[in-house]
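quick one, fold the following:
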Amino acid sequence: MNRTILHWSYLNFRDVPMDLFLYEDLEEVYLKENFISVIPQWLLSITTLKFIHLAGNNLSELPTDIYMLENLEFLDVSNNELKELPPTLGLLLRLQQLNVSGNQLTQLPLEMSSLRNLEQLNISKNRFRRLPIQLSECVRLNELNVSDNETLLHIPERIANLPMLQSLAADRCALIYLPAALSKFMNHVRIFHNTSINYLPMIYEKFYQNFYDNRQRFTPISVSSKGLFWVRELETRKRLLLPVGTRQVFEVPSKENRISLYDDCLHAIQTLNRQVPVYENTALHRLLPEPYMSSQINNGAIARCTTSQCSRCLYTSYYFMVVKRFGSSSKQLFTCNFCTNRCANLWLASNSRRYYQLPWRVSDDDDEDVDNAVKH
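Here you go, the predicted structure:
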């Protein structure tokens, strides 16, 4: 039979029908909302397949030979019973859209870094606590949905800063702060109900609406504060967690040229060795005198300069401000990061009628957190 698309959803199939073999040049098959528990080996020999929709079945695993579907561009196995994904998923080099939401996954295979054509990834409603930094090698990714991973603490800046990323959804996670390095092409962000977050980097201002304030009661961060970098905002006494990797922040106004040579070196390293990611360059890491340097190279930029004309990547030290809007009933705090005092002054000059600065100080590990004691 000469037919390229089959719609066999909602038919109570318990197995993939072998009738699929009767269709020459089959490219798309819809088998969603059945009772299929296994993807048979013979299905993997239909290499003309480009589109497979198996959402809402009873799959507990994907076959390790799934790489045989060499022309596959779309795979939806959402709302199944998957606990892990095979490393061979990374061999589906033509894959453009992958939906594994609504499963029981706790990690992604590192081999997914090979999916250089992947454009849309939905891993929502799983059990992720962290995302692999290797996902930052999916350079064509433009939509990422990590919502409803209730133990997800952090989105690596390398991922949020992917060059083509346009849409990021992270509702109802356990994020302890938002990445302050975002793709320049980002045009859609959803970050509702991350109740440990008590400020927004200014880069999110264009996505902000007042109903961000209507979140549930603030939830104290559930990880140890030791070794993290905090500042205390002195108007509301809130304690703000700055991006992991921050080592020093400077007030505005302040002396110029306080960013260290070390940061300049980190910036230069990121441009090296484009064929091999710097975090996989073992020879480079062996040369480093301190272990923490490897971590900072792996993390990459932790923020971008808030001044839009600049947007320079920032690494461990930067000029810092906490601001609020004039004449607004909102209690929302915004933070700004700058590469130079000059950039900070330029931003202030163009925004002085909209925002005003709040005083702050660095808060050490022994600083008692009084967030819950503040009277509103």
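
parallel or antiparallel, which strands does whichever strand or helix holds residue 361 pair with?
Following DSSP states H and E, one finds residue 361 within strand 360-363. If you go by DSSP bridges, strand 360-363 pairs up with strand 230-233 (antiparallel).

ok, the helix or strand that the partner strand is followed by: who's next to it in the sheet?
The first helix or strand that comes after strand 230-233 along the chain, using DSSP H and E, is strand 239-241. Strand 239-241 pairs in its sheet with strand 230-233 (antiparallel), by DSSP bridges.

now find how far off-centre the strand it pairs with is within its chain.
Strand 230-233 sits 24 Å away from the centroid of its parent chain (C-alpha atoms, centre = their mean, to the nearest Å).

list every C-alpha atom in it, with coordinates, as PDB.
Extracted C-alpha coordinates of strand 230-233, given in PDB (Å, rounded to 0.1, in the frame of the first residue of the first chain):
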ATOM      1  CA  TRP A 230      24.500  36.000  49.100                       C
ATOM      2  CA  VAL A 231      23.700  39.700  49.500                       C
ATOM      3  CA  ARG A 232      21.300  41.300  51.900                       C
ATOM      4  CA  GLU A 233      18.900  43.900  50.500                       C
END
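
in this protein, which residue is most central in space?
residue 155 (3.8 Å; C-alpha atoms, centre = their mean).

that one contacts residue 174, correct?
No. Between residue 155 and residue 174 there is no contact under C-beta atoms under 8 Å: 11.4 Å. (Glycine included, C-beta is placed from N, CA and C.)

quick one: buried residues of the helix or strand of the chain with the lowest mean pLDDT?
Ranking every helix and strand in the chain by mean pLDDT, DSSP states H and E puts helix 282-286 at the bottom, with a mean of 77. For helix 282-286, a neighbour-count test (16 or more other C-beta atoms under 10 Å) marks residue 284 as buried.

what about the stretch 101-250 of the chain, any weak spots by pLDDT?
Residues of the stretch 101-250 of the chain meeting the criterion pLDDT under 70: 209-226.

now the strands: where do they sit in it?
With DSSP state E, counting those that start in this stretch as the criterion, the stretch 101-250 of the chain has strands at 120-122, 143-145, 167-169, 188-190, 200-201, 230-233, 239-241, 248-250.

mean neighbour count and distance to residue 340 for those strands - can I get that in a markdown table?
Below are the strands of the stretch 101-250 of the chain laid out as a markdown table (neighbours: other C-beta atoms under 10 Å; distance: least, C-beta to C-beta, whole Å):
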| stretch | mean neighbour count | distance to residue 340 |
| --- | --- | --- |
| strand 120-122 | 20 | 36 |
| strand 143-145 | 21 | 31 |
| strand 167-169 | 20 | 28 |
| strand 188-190 | 14 | 27 |
| strand 200-201 | 20 | 18 |
| strand 230-233 | 20 | 20 |
| strand 239-241 | 19 | 22 |
| strand 248-250 | 18 | 10 |
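
can you put the ones you listed in JSON lines and add distance to residue 74?
Output for these, formatted as JSON lines (distance: least, C-beta to C-beta, whole Å):
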{"stretch": "strand 120-122", "distance to residue 74": "9"}
{"stretch": "strand 143-145", "distance to residue 74": "13"}
{"stretch": "strand 167-169", "distance to residue 74": "17"}
{"stretch": "strand 188-190", "distance to residue 74": "21"}
{"stretch": "strand 200-201", "distance to residue 74": "34"}
{"stretch": "strand 230-233", "distance to residue 74": "44"}
{"stretch": "strand 239-241", "distance to residue 74": "38"}
{"stretch": "strand 248-250", "distance to residue 74": "45"}
